[in-house]
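Colleague: Please work out how this folds:
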Amino acid sequence: MPQDVTSALDTLYRSNWGRIVAALIRLFGDFEAAEEAAQEAFAAAVDQWPTSGVPEFPRAWIIQTARHKAIDRIRRQNLFQEKVEPYAVSGFTRTYEEPNYDTEEIPDDRLRLIFTCCHPALALESQVALTLRTLCGLDTDEIARAFLVPGPTMAQRLVRAKRKIRDAGIPYIVPETSELPARLDAVLTAIYLVFNEGYAATRGEPLLRADLCAEAIRLGRLVQTLMGPQPPSEVDGLVALMLLHDSRRDARSDEDGNLIVLEEQDRSRWNRQQIADALPLVEQALRRGPGPFAVEAAIAALHCEAARAEDTDWPQIVRLYDVLEHLRPSPIVSLNRAVAVAMVEGPRPALALIDKLAATGELDGYHLLHATRADLLRRLGMSADAAASYELALGLVNNKTERRFLERRLREMQALDA
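Modeller: Okay, here's the model as predicted:
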């Protein structure tokens, strides 16, 4: 397949899978049918585009082709008249030229998709996992790694969630204002995980996916608008948190795409306008009774307010992690707190915390546990032990930029131990 076609399909899948599936779910009313039709359309593109060329509007081509594939499937099932007539009323059988799928739509299909995935009839983890699958196009194994569960377990969870939406007739709509609070926690968590996938991509070459970061921030702002002039503190906290993390985007890698750790970043490259937009939201969220996102945003704000890495108020960050552990205890929070402890008390007390966390086995498959342990051992001059932990991290990491960084650290430790 020509490289330009391969690149176009890869970019289309990574950047537009959520939009495509959201549009198809609106037309079909069925998650599995929408995903199957989208996959068939991508397969058709793989066959046809090398000869016909990449169309002017690739996303519209995929959606239109998916619609035709779905109609063919309905015909084969001898249900054409029964199924197509309702779709015709809703615009299912329109021509290729309309609607124009390359325009932004309001009300927003992707926002409806998140609220449908996050219906309270589904278990919370299923809500978030389904959002990552449908909006981000993540593979089942990638979602399983994010939840630290086996792949088959996650596959069953996703199938059950999609079928429950179909069988229960859960509507594909943004709910009424009175129904929003019941879904808000899951919606905010889903949006943040979309952002995290953009900020630290689980696969591929780039360290980050700016399209997903921007999409998550956009969706967060839409939820702010939905919740009225004084949204709950967690809504403001999440938007602030995403803006603050995203403000550091340009400084996170060099011209060759190599990872630059926080303390070595050129802070003049941080987006000061985003930081200025976020800081009042942090203050508002903290005043209204802080939740986990507000506390995380306060931590991010302390980093962004420090003119130099050595000016960072690490003792305050440790105290905020203490609050966060109380509000949302998790091994990831404990891991991040240990990193902050290392900056206050030194690597040895932090290593004791990491070893205690590792002994639970909860983060065995999480590469950052081993990478963090390796860094602490490196700082303690224990190069052989550090190399062993870097090797464990390398066995788990999937992002190529992170892999290059860990490989470089491993070579440094091996050279010292030679």
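Colleague: Please count neighbours and contacts with C-alpha atoms only from this point.
Modeller: Noted.
Colleague: any chance you could map the helices in the stretch 201-350 of the chain?
Modeller: 210-226, 233-246, 272-287, 292-305, 314-327, 331-345, 347-359 (DSSP state H, counting those that start in this stretch).
Colleague: burial of the closest residue to Pro349 other than its chain neighbours, as a residue count?
Modeller: Spatially, and ignoring its direct neighbours in sequence, Pro349 is nearest to Ala342 (6.9 Å; CA to CA, 6 or more residues apart in numbering). A count of nearby residues for Ala342, using other CA atoms under 10 Å, gives 18.
Colleague: got it, and the one 4 residues further on?
Modeller: Neighbour count of Gly346, defined by other CA under 10 Å: 15.
Colleague: sorry, back to before: nearest to Ala129 among the helices of the stretch 201-350 of the chain would be which one?
Modeller: Ranking these by their distance to Ala129 (criterion: CA to CA) puts helix 210-226 first, at 15.4 Å.
Colleague: ok, Thr140 - contacts?
Modeller: Contacts for Thr140 (CA atoms under 8 Å, 6 or more residues apart in numbering) come out as 133, 151, 154-155.
Colleague: mind running it again at 10 Å?
Modeller: 129-130, 132-133, 146, 150-158 (CA atoms under 10 Å, 6 or more residues apart in numbering).
Colleague: Equivalent analysis for Asp139, please.
Modeller: Contacts of Asp139 (CA under 10 Å, 6+ apart): 132-133, 151, 155.
Colleague: run the last query once more with 8 Å
Modeller: By CA under 8 Å, 6+ apart, the residues touching Asp139 are Arg133.
Colleague: Looking at the spatially closest residue to Arg133 that is not a sequence neighbour now. What's its pLDDT?
Modeller: By the measure of CA to CA, 6+ apart, the closest residue to Arg133 outside its immediate chain neighbours is Asp139, 6.8 Å from it. The predicted local confidence for Asp139 comes out at a pLDDT of 77.
Colleague: Check Gly291 too.
Modeller: With respect to pLDDT, Gly291 has a value of 92.
Colleague: Could you pull up the residues touching the residue nearest to it when sequence neighbours are not counted?
Modeller: The shortest distance from Gly291 to any residue that is not its chain neighbour, by CA to CA, 6+ apart, is 5.9 Å, and that residue is Glu234. Contact analysis of Glu234 by CA under 8 Å, 6+ apart lists 285, 290-294.
Colleague: Redo these as TSV? Include distance to Ile260 and neighbour count.
Modeller: TSV is the format used below for these (distance: CA to CA, whole Å; neighbours: other CA atoms under 10 Å):
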residue	distance to Ile260	neighbour count
Ala285	30	26
Pro290	31	23
Gly291	30	21
Pro292	27	21
Phe293	25	28
Ala294	26	29
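Colleague: Mind putting those into CSV with distance to Val223?
Modeller: Listed next are the contacts of Glu234 as CSV, based on distance: CA to CA, whole Å:
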residue, distance to Val223
Ala285, 15
Pro290, 18
Gly291, 17
Pro292, 17
Phe293, 15
Ala294, 16
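Colleague: The residues you listed: which two are farthest apart?
Modeller: Taking CA to CA, the two most distant members of these are Ala285 and Pro292; they sit 10.3 Å apart.
Colleague: Give me the pLDDT for Glu98.
Modeller: For Glu98, the pLDDT comes out at 36.
Colleague: Below-threshold pLDDT in the stretch 201-350 of the chain: ranges please.
Modeller: Using pLDDT under 70 as the threshold, the predicted model of the stretch 201-350 of the chain has low-confidence ranges 203-205.
Colleague: how about 80 then?
Modeller: Per-residue confidence of the stretch 201-350 of the chain (counting by pLDDT under 80) places the weak regions at 201-207, 228-230.
Colleague: ranges for the helices of the stretch 1-150 of the chain?
Modeller: All helices of the stretch 1-150 of the chain, identified by DSSP H, counting those that start in this stretch, fall at 3-28, 31-52, 58-76, 80-89, 109-117, 124-136, 140-147.
Colleague: Make TSV out of these and add distance to Glu215.
Modeller: Supplementary listing: the helices of the stretch 1-150 of the chain in TSV, determined by distance: least, CA to CA, whole Å:
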stretch	distance to Glu215
helix 3-28	10
helix 31-52	20
helix 58-76	17
helix 80-89	29
helix 109-117	9
helix 124-136	10
helix 140-147	19
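Colleague: weakest of these in terms of mean pLDDT?
Modeller: Among these, helix 80-89 carries the lowest mean pLDDT, at a mean of 51.
Colleague: In terms of pLDDT, where does Leu351 sit?
Modeller: On pLDDT, Leu351 comes in at 97.
Colleague: returning to what we had before: would you mind finding the most buried of the helices of the stretch 201-350 of the chain?
Modeller: By mean neighbour count, with neighbours taken as mean count of other CA atoms under 10 Å, helix 233-246 ranks first of those at a mean of 27.
Colleague: Tabulate the CA atom coordinates of that helix in CSV.
Modeller: What follows is helix 233-246, C-alpha atoms only, in CSV (Å, rounded to 0.1, in the frame of the first residue of the first chain):
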residue,chain,number,x,y,z
SER,A,233,-16.2,22.2,41.5
GLU,A,234,-15.1,19.0,39.8
VAL,A,235,-16.1,20.4,36.4
ASP,A,236,-14.0,23.5,36.8
GLY,A,237,-11.2,21.4,38.4
LEU,A,238,-11.1,19.0,35.5
VAL,A,239,-11.0,21.7,32.9
ALA,A,240,-8.2,23.5,34.8
LEU,A,241,-6.3,20.3,35.2
MET,A,242,-6.4,19.6,31.5
LEU,A,243,-5.4,23.1,30.6
LEU,A,244,-2.5,23.1,33.0
HIS,A,245,-1.1,19.8,31.8
ASP,A,246,-1.7,20.7,28.1
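Colleague: tilt between it and helix 292-305?
Modeller: 30 degrees (axes from the mean of the first three to the mean of the last three CA atoms, to 10 degrees).
Colleague: what separates helix 233-246 from the chain centre, distance-wise?
Modeller: The chain centre lies 14 Å from the centre of helix 233-246; the measure is CA atoms, centre = their mean, to the nearest Å.
Colleague: Ok, stretch 199-211 next?
Modeller: 10 Å.
Colleague: Export only the CA atoms of that stretch, formatted as CSV.
Modeller: Taking C-alpha atoms only, stretch 199-211 is exported to CSV below (Å, rounded to 0.1, in the frame of the first residue of the first chain):
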residue,chain,number,x,y,z
TYR,A,199,-1.2,13.4,26.9
ALA,A,200,0.7,10.1,27.1
ALA,A,201,-0.3,7.9,24.2
THR,A,202,-0.3,4.2,24.9
ARG,A,203,0.9,3.3,21.5
GLY,A,204,2.7,4.6,18.4
GLU,A,205,5.6,7.0,17.9
PRO,A,206,4.5,10.4,19.3
LEU,A,207,4.6,11.0,23.0
LEU,A,208,1.2,12.7,22.8
ARG,A,209,-1.8,13.1,20.6
ALA,A,210,-2.7,16.7,20.5
ASP,A,211,-6.1,15.9,18.8
